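Engineer: need coordinates for the below:
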Amino acid sequence: MTKMLKAALLVMMTVSFGAQAQDGDWQEGQHYVELSNPVPTASEDKIEVAEVFWYGCPHCYTFKPLIEAWEADMADDVHFELIPAALGRSWEPHARAFYAVEALDKLDETHDALFEALARDRRQLETPEALAEYLAEYGVDEEEFIKTFNSFGVNAKMQQSQAKIRGARITGTPTMLVNGKYTVSASMTGSHENMIKVVDYLVEKERAAQQ
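Structural biologist: Residues are numbered from 1 along each chain as shown. Purely as a prediction, here's the structure:
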């Protein structure tokens with residue numbers, strides 16, 4: 001066997017091994033984190049997959065079409081939910097806005113618009129009044145929004161979601177939280193596409209454990 005052929009075979013073996021490591025051989029501590037203390041999930045009879053996000057996060061904005069495509073094709077035994085993060089004080093109004101429009105049944109009309117304004121256009125929407133004025137363009141009543149923004153219901157949602165984020169030791173966005181047991185981020189997987197693959201791996205892992 002010539003040196004050139006040996007070198008070619010070595011390259012092929014290395015590429016093959018690398019592809020396997022990326023596409024199927026996902027390792028705890030390297031590609032995802034298993035929580036020592038799992039956090040509660042919102043669904044008791046389904047495998048919960050949650051995305052922890054911030055409307056002002058450009059990485060979340062890039063990840064958005066990928067996770068939406070995944071959600072559209074997810075299995076019947078999986079429950080997906082969005083969890084807005086308030087990892088800094090400037091993030092809190094945007095997390096509250098998510099729960100406010102959700103309570104007003106306007107999330108479908110405003111979700112894309114909030115991402116575009118905050119992550120894409122970098123608009124300074126940092127008060128309930130500024131958010132209300134912007135969201136009025138999408139059919140949200142300004143007075144009702146401000147009232148709901150500061151409501152007991154939104155306060156309760158905020159406390160619950162932020163406790164879940166702290167319990168999962170999430171410090172950045174976007175982060176995927178699988179069944180309250182595992183966290184997945186692009187910094188560990190190497191790409192947003194790989195995040196989806198690791199989520200699928202962990203969903204299958206949970207599915208097998210329940211059988």
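
Engineer: what about the helices in this protein?
Structural biologist: According to DSSP state H, the chain carries its helices in the segments 3-23, 58-72, 92-103, 107-115, 128-135, 142-149, 152-167, 186-189, 192-210.

Engineer: so where's this structure uncertain?
Structural biologist: 1-24 (pLDDT under 70).

Engineer: give me the neighbour count for the residue nearest to residue 124 when sequence neighbours are not counted.
Structural biologist: Nearest residue to residue 124 in three dimensions, chain neighbours excluded: residue 130, at 7.1 Å (C-beta to C-beta, 6 or more residues apart in numbering). (Each C-beta comes from the backbone N, C-alpha and C, glycine too.) Residue 130 has 13 neighbouring residues, counting by other C-beta atoms under 10 Å.

Engineer: now do residue 130 against residue 95, distance only.
Structural biologist: 15 Å (C-beta to C-beta, to the nearest Å).

Engineer: what do you get for residue 32?
Structural biologist: From residue 32 over to residue 95 (counting by C-beta to C-beta), the distance is 24 Å.

Engineer: quick check: bridge partners of the residue positioned nearest the centre of the chain?
Structural biologist: In the chain, the residue lying closest to the centroid (C-alpha atoms, centre = their mean) is residue 51, at 2.1 Å. Residues in a beta bridge with residue 51, per DSSP bridges, are residue 82, residue 176.

Engineer: pull the contacting residues for it.
Structural biologist: For residue 51, the contact set (C-beta atoms under 8 Å, 6 or more residues apart in numbering) comprises 60, 63, 67, 80-83, 174-177.

Engineer: going through these, which ones are buried?
Structural biologist: When these are checked for burial by 16 or more other C-beta atoms under 10 Å, the buried set is 60, 63, 67, 80, 83, 174-177.

Engineer: pick the one among those residues closest to residue 40.
Structural biologist: Closest approach to residue 40 among these (C-beta to C-beta): residue 177, at 11.1 Å.

Engineer: is it true that the closest one touches residue 39?
Structural biologist: Yes: checked against C-beta atoms under 8 Å, the pair residue 177 and residue 39 is within contact range at 7.5 Å.

Engineer: okay, and the common contacts of those two?
Structural biologist: 164, 168.

Engineer: thinking again about what came up before, how much space separates the residue nearest to the centre of the chain from residue 60?
Structural biologist: For residue 51, the distance to residue 60 - C-beta to C-beta - is 8 Å.

Engineer: now for these two: what residues contact both?
Structural biologist: Between them, residue 51 and residue 60 share the contacting residues residue 174, judged by C-beta under 8 Å, 6+ apart.

Engineer: and stretch 73-86, how far apart are its ends?
Structural biologist: In stretch 73-86, first residue to last residue: 29 Å (C-alpha to C-alpha, to the nearest Å).
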